[in-house]
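K.L.:
Here is my input; please provide its structure:
(4 chains)
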Number of protein chains: 2
Amino acid sequence: MVLPRAAKTQRRTRIQEEKEEQILEAALEVFSAHGFRGSTIDQIAEVAGMSKPNLLYYFRTKEAMHRALIDRVLDTWLDPLRALDAEGNPVAEIRSYIRRKLELARDYPRESRLFANEVLQGAPHIEDELKGPLKQLVDEKAEVIRAWAKAGKIAKCDPYHLIFAIWSTTQHYADFDVQVRAVLGQEHAGDGRFEDAARFLERLFVDGLQVRE
Amino acid sequence: MVLPRAAKTQRRTRIQEEKEEQILEAALEVFSAHGFRGSTIDQIAEVAGMSKPNLLYYFRTKEAMHRALIDRVLDTWLDPLRALDAEGNPVAEIRSYIRRKLELARDYPRESRLFANEVLQGAPHIEDELKGPLKQLVDEKAEVIRAWAKAGKIAKCDPYHLIFAIWSTTQHYADFDVQVRAVLGQEHAGDGRFEDAARFLERLFVDGLQVRE
DNA sequence: TGTAATGTTTACCAACCGGTCAAATTATCA
DNA sequence: TGATAATTTGACCGGTTGGTAAACATTACA
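P.N.:
Predicted coordinates for the structure are as follows:
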């Protein structure tokens, strides 16, 4: 038996799980920093601490590695939106959605950049995920938001563009981190910018969506 | 005489201007779509409709091409922020800043993606621009906004994060265009999403910043 | 322990990439 | 027109890249 991918479908060795984990971690590091085309298998191998042919023993191609990474990360990435609860208090729900997204940007910036790189370059590898699961989830939650607006619980607004606005403002702190740091300057060295951002964004969206008479 | 770059410092031929224009246009097309490392001189040459050595006759290296492109585009890209007028009506100024940024995202998405790619990958080629001219301009306009808030003309808020929020929400429509299209679906094929976005964002920011008693 | 399956590495390949060179072609202008 | 400078190209080079082949090492297990 020479094919690990085939073996995997039956039983997975302890070694297989460990090594695939190592590789995906290294792949995340490299792909998120340079994009797909800008990354090399050699770089990933070095970060993973193993030889290039060894990587290719677990993932037959660079694309397979990238695909496995995307699949593994996408779910986690969408969790905050999934958590948006139609039964909850609308303003509180949106507020905590923003907070969760911002925490993701702070704690998992590489995952954010992985998608950003991919989407920015035309999403050649994840078109199906965007048009399928992503669109479905957004459609569903957009309906929730629309219902809140209709019931007069928040201001009337386009739910899709509201979601886009929350995505972009929060992910900005992961994807464009160097720019944010450059503009804010040295004095904002720690994670303080995330707390400032949270305060600003919660206020912006809550005040911007509040119904007033 | 074999050095076009040297000749250029003295006099520029008609041909030189035309060809450099062609090359930079092609470079914008390619760099914005694949990032620096993901782009090849051959690709740019093909788009420009000339041979690779011919490109390298006008720009000695791939980096030189990229640098020239950044230099040419950066100014235009910052114009909307530069236009923010301390003497104008604050709410109207912010509203038209948003509108202008959104128009840029609609009309010049490649320029937006050029910077997005660059910043996303750690801004290896434009660090100086970020920490220099960009930071300076933002510092200046942040002061303007702070003054407006202090004078009670808009709600008190962190001006830097306000600027980040406007950048991210507007550029989102250029940088993540494929995602926006995928989520909105076929029915939003035209430019309608930009008008919807404008309506949503103007309302969000204006209501979010308005002073209420 | 032995042996078959699994895991790892060295050496290698063909394609690609950034860039050079020299020769050929075209524009400029006295 | 003719000579000189400017422009363009095909052939090429060394280094890199994704991926392979096969030998070697290790593990699992009867």
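
K.L.:
Only C-alpha atoms from now on, for both contacts and neighbour counts.
P.N.:
Will do.

K.L.:
which ones are touching A:Val180?
P.N.:
A:173, B:164 (CA atoms under 8 Å, 6 or more residues apart in numbering or on different chains).

K.L.:
Would you mind writing the CA trace of the helix or strand containing it as PDB?
P.N.:
Assigned by DSSP states H and E, A:Val180 falls within helix A:177-184. The C-alpha coordinates for helix A:177-184 follow below in PDB (Å, rounded to 0.1, in the frame of the first residue of the first chain):
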ATOM      1  CA  ASP A 177      -3.300  44.800  10.100                       C
ATOM      2  CA  VAL A 178      -0.100  46.300   8.800                       C
ATOM      3  CA  GLN A 179      -1.900  49.400   7.500                       C
ATOM      4  CA  VAL A 180      -3.900  49.800  10.700                       C
ATOM      5  CA  ARG A 181      -0.700  49.600  12.700                       C
ATOM      6  CA  ALA A 182       1.200  52.000  10.400                       C
ATOM      7  CA  VAL A 183      -1.600  54.600  10.600                       C
ATOM      8  CA  LEU A 184      -2.100  54.300  14.400                       C
END
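
K.L.:
Tell me what angle the next helix or strand after that helix forms with helix A:177-184.
P.N.:
The helix or strand immediately downstream of helix A:177-184 is helix A:192-209, counting by DSSP H and E. Here helix A:192-209 runs at an angle of 90 degrees relative to helix A:177-184 (axes from the mean of the first three to the mean of the last three CA atoms, to 10 degrees).

K.L.:
so for whichever strand or helix holds A:Glu118, what's the average pLDDT?
P.N.:
Assessed by DSSP H and E, A:Glu118 sits inside helix A:109-120. For helix A:109-120, mean pLDDT rounds to 97.

K.L.:
got the buried residues for whatever helix or strand comes next after that helix?
P.N.:
Moving toward the C-terminus from helix A:109-120, the next helix or strand (DSSP H and E) is helix A:127-129. Within helix A:127-129, the residues that count as buried by 16 or more other CA atoms under 10 Å in any protein chain shown are A:Glu129.

K.L.:
Tell me if whatever helix or strand comes next after helix A:127-129 is near chain B.
P.N.:
Downstream of helix A:127-129, the first helix or strand assigned by DSSP H and E is helix A:135-150. Yes - Helix A:135-150 lies within reach of chain B by CA under 8 Å from any CA of the partner chain, at A:135, A:138-139.

K.L.:
now the helix holding A:Glu118, how far from the centre of its chain.
P.N.:
Relative to its chain's centre, helix A:109-120 lies at 7 Å (CA atoms, centre = their mean, to the nearest Å).

K.L.:
Find the residue closest to the residue of chain A found nearest chain B in space, skipping its chain neighbours.
P.N.:
Closest residue of chain A to chain B, CA to the nearest CA: A:Gly208 (4.0 Å). Leaving aside its chain neighbours, A:Gly208 sits nearest to B:Gly208 (4.0 Å; criterion: CA to CA, 6 or more residues apart in numbering or on different chains).

K.L.:
who's in contact with that neighbour?
P.N.:
A:203-209, B:155.

K.L.:
again with A:Lys131
P.N.:
A:Lys131 touches B:182-183, B:185, counting by CA under 8 Å, 6+ apart.

K.L.:
Select only the buried ones of the residues you listed in PyMOL?
P.N.:
Buried residues within the contacts of A:Lys131, by 16+ other CA under 10 Å, are selected in PyMOL with:
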select buried, chain B and resi 182+183
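
K.L.:
returning to what we had before: turn the contacts of B:Gly208 into CSV, columns for pLDDT and distance to B:Gly35.
P.N.:
CSV is the format used below for the contacts of B:Gly208 (pLDDT from 0 to 100; distance: CA to CA, whole Å):
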residue, pLDDT, distance to B:Gly35
A:Arg203, 95, 35
A:Leu204, 96, 33
A:Phe205, 96, 33
A:Val206, 95, 36
A:Asp207, 93, 38
A:Gly208, 90, 36
A:Leu209, 89, 37
B:Ala155, 95, 39
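
K.L.:
neighbour-wise, which of those residues leads?
P.N.:
Comparing the contacts of B:Gly208 by number of neighbours (other CA atoms under 10 Å in any protein chain shown), A:Leu209 comes first, having 24 neighbours.

K.L.:
Assign the residue lying closest to it once chain neighbours are set aside to helix, strand or coil.
P.N.:
Spatial nearest neighbour of A:Leu209, excluding adjacent residues (CA to CA, 6+ apart): A:Ala155 at 4.9 Å. Secondary structure, DSSP: H, G, I helix; E, B strand; the rest coil: A:Ala155 is coil.

K.L.:
Just confirm A:Ala155 contacts A:Val211, I think it does.
P.N.:
Yes - using CA atoms under 8 Å, A:Ala155 is in contact with A:Val211, at 4.8 Å.

K.L.:
could you dump stretch A:200-212 to PDB, C-alpha only?
P.N.:
Provided in PDB are the C-alpha atoms of stretch A:200-212 (Å, rounded to 0.1, in the frame of the first residue of the first chain):
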ATOM      1  CA  PHE A 200     -16.500  52.300  18.000                       C
ATOM      2  CA  LEU A 201     -18.100  49.600  15.900                       C
ATOM      3  CA  GLU A 202     -20.700  48.600  18.500                       C
ATOM      4  CA  ARG A 203     -21.700  52.200  18.900                       C
ATOM      5  CA  LEU A 204     -21.700  52.900  15.100                       C
ATOM      6  CA  PHE A 205     -24.000  49.900  14.300                       C
ATOM      7  CA  VAL A 206     -26.200  50.100  17.300                       C
ATOM      8  CA  ASP A 207     -26.800  53.900  16.900                       C
ATOM      9  CA  GLY A 208     -27.000  53.500  13.100                       C
ATOM     10  CA  LEU A 209     -29.700  50.800  13.400                       C
ATOM     11  CA  GLN A 210     -31.700  51.900  16.400                       C
ATOM     12  CA  VAL A 211     -35.300  52.800  15.700                       C
ATOM     13  CA  ARG A 212     -36.100  56.300  16.800                       C
END
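
K.L.:
and the longest helix anywhere in chain A, average pLDDT?
P.N.:
Scanning chain A for the helix with the most residues, using DSSP state H, yields helix A:14-38. In this model, helix A:14-38 carries a mean pLDDT of 93.
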